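Asks: My questions are about this predicted structure, shown below with the sequence.
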Amino acid sequence: MVQTVLIYSMGEVIGDGLIKLPFIAGLRAAFPDARITWCAGKGETVYAGPLKAVVDGYIDEILTTGRTGAKLADLLPWAKPFSGRTFDLVIDTQENLRRSLVAWRASRGGRFVSAAVQARKAGWPVAVVDRLARLLALATDGSGAPRPLVLSHPDPLAAAKALLPEGPTYIGLAPGAGGKDRRWPLERYVQLARNLEASGRKAVLFFGPDEAADAQVARYAIPTALMPEWNRTDDYPTVKGPLLAIALAGRLTAAVANDAGPGHMLAAGGVPLLSLQQDHRKAVKFRPAARRLELLVAEDYGQGMAALPLDVVDAALQRLIAGVS
């Protein structure tokens, strides 16, 4: 029986942390009673910061200090990685063989599954989400798989219900992205929202704290659309950021997002997602782990995100909605 689990990584910035959330949810479902420890070998992970509330109930402990394999000395025979602790199951998610040997030492007498080993075999997937799914399947003899995150605290769910109450068919639109080259033009999102509103559905726009100017443009252009993260009047103002976005995803019928953090948040919340990607390389490697996913790649239509036609996106969204209803 697996009572203790160690997940070994080098650390997570926000993008890595978001894309791994369905893996974490699947891990907890596979081992509901186990103590799950997450080790960030290089000392930093968003699971100890911006996503701490999101993984509450999924990860029991974060290790960021001590001998964690980041240094060559951690491999010395007399060194004691992880303070000498061992685990029933160790899943090594990184692909450096030297560091993998450090993680292996924590599995003495238990089970060890390593991306560093699997990556050197034929058929190792390109997509990050598929690699994580492969590791989870190996660790559970094929029974485990990534799944949508179910938030454990009642406040995010109550906030989402207050902001998006029962009744309308809500469709999420996330126009933002960290790099402008990854953004489908805002005016196309505005027109897509108008189309949704005209069809009797309710457009729900997601803008981050650094996108106030775009939010203002959208508010003026489509005053009937909802922006639940802005000008809030609900009773849960402390529920915000990724935690709120993931909770809101559970209220949506479908969503559209660029290749960016909001898309991964919505995917983690379980909403069927249309992901707008700039090129095939990133579309394959970093595709969101949505339970139902449609991908459109601008590269297929020309140069830059603006090459992706509105009618193509609209048609793909309608297919996604029809497949859910």
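Replies: Structure's in. What do you need?
Asks: C-alpha from now on. contacts and neighbour counts both.
Replies: Fine.
Asks: per-residue confidence at residue 155?
Replies: Looking at residue 155, its pLDDT is 94.
Asks: For it, list the residues it contacts.
Replies: By CA atoms under 8 Å, 6 or more residues apart in numbering, the residues touching residue 155 are 236, 239.
Asks: What is the three-state secondary structure of it?
Replies: At residue 155, secondary structure determined by DSSP: H, G, I helix; E, B strand; the rest coil is helix.
Asks: now do the one 10 residues further on
Replies: What three-state DSSP gives for residue 165 is coil.
Asks: Could you check how many residues crowd around it?
Replies: Residues near residue 165, counting by other CA atoms under 10 Å, number 12.
Asks: and what of residue 195?
Replies: 15.
Asks: So which bits of the helix or strand containing it are buried?
Replies: According to DSSP states H and E, residue 195 maps onto helix 186-198. When neighbours are counted by 16 or more other CA atoms under 10 Å, the buried residues of helix 186-198 are found to be 186, 188-194, 196-197.
Asks: Equivalent analysis for stretch 97-112, please.
Replies: 99-107, 110-112.
Asks: circling back: and the average pLDDT for the helix holding residue 195 is what?
Replies: 97.
Asks: Quick one: residues in contact with that helix.
Replies: With contact meaning CA under 8 Å, 6+ apart, helix 186-198 is reached by 171, 173, 175, 202-203, 214, 218, 221-222, 224-225, 310, 314.
Asks: give me that answer again for 7 Å
Replies: Outside helix 186-198, the residues that touch it by CA atoms under 7 Å, 6 or more residues apart in numbering are 175, 202-203, 218, 222, 310, 314.
Asks: Tell me which helix or strand comes right after it.
Replies: By DSSP H and E, the next helix or strand past helix 186-198 is strand 202-205.
Asks: so what secondary structure elements neighbour whichever helix or strand comes after that next one?
Replies: Downstream of strand 202-205, the first helix or strand assigned by DSSP H and E is helix 212-221. Helix 212-221 sits against no helix or strand, with contacts defined as 3 or more CA pairs under 7 Å, 6 or more residues apart in numbering; DSSP states H and E.
Asks: Next secondary structure after helix 212-221?
Replies: Using DSSP H and E, the helix or strand that follows helix 212-221 towards the C-terminus is helix 241-249.
Asks: Only the buried residues of that next one, if you could.
Replies: Buried residues in helix 241-249 (16+ other CA under 10 Å): 242-249.
Asks: repeat for stretch 8-27
Replies: Neighbour-count burial for stretch 8-27 [16+ other CA under 10 Å]: 8-12, 16-27.
Asks: What lies in contact with the top helix by length along the chain?
Replies: For the chain, the helix with the greatest residue count under DSSP state H is helix 310-324. The contact list for helix 310-324, computed with CA under 7 Å, 6+ apart, reads 188, 192, 253-254, 274.
Asks: sorry, back to before: name only those of the contacts of helix 186-198 that count as buried.
Replies: 175, 202-203, 218, 310, 314.
Asks: what's the closest of the buried residues of helix 186-198 to residue 237?
Replies: Taking CA to CA as the measure, residue 237 lies nearest residue 193 of the buried residues of helix 186-198, at 25.9 Å.
Asks: give me phi/psi at residue 231?
Replies: Backbone dihedrals for residue 231, given as degrees, to the nearest 10, come out at phi 50, psi 50.
Asks: tell me the contacts of it?
Replies: No contacts exist for residue 231 under CA under 7 Å, 6+ apart.
Asks: Kindly report the same for the one 3 residues further on.
Replies: Residue 234 makes contacts with 159, 162-163, as judged by CA under 7 Å, 6+ apart.
Asks: Could you give the backbone dihedrals for residue 5?
Replies: phi -130, psi 130.
Asks: Report how many residues lie close to it.
Replies: 24.
Asks: from memory it sits against residue 39, does it?
Replies: No. In this structure, residue 5 is not within contact of residue 39 by CA atoms under 7 Å, at 10.5 Å.
Asks: Can you list the residue ranges for strands in the stretch 1-150 of the chain?
Replies: For the stretch 1-150 of the chain, applying DSSP state E, counting those that start in this stretch gives strands covering 4-9, 35-40, 61-63, 89-92, 111-114.
Asks: before we move on, the earlier item: closest one to residue 261 out of the buried ones among the contacts of helix 186-198, please.
Replies: Residue 261 has its nearest neighbour among the buried ones among the contacts of helix 186-198 in residue 175, at 10.9 Å by CA to CA.
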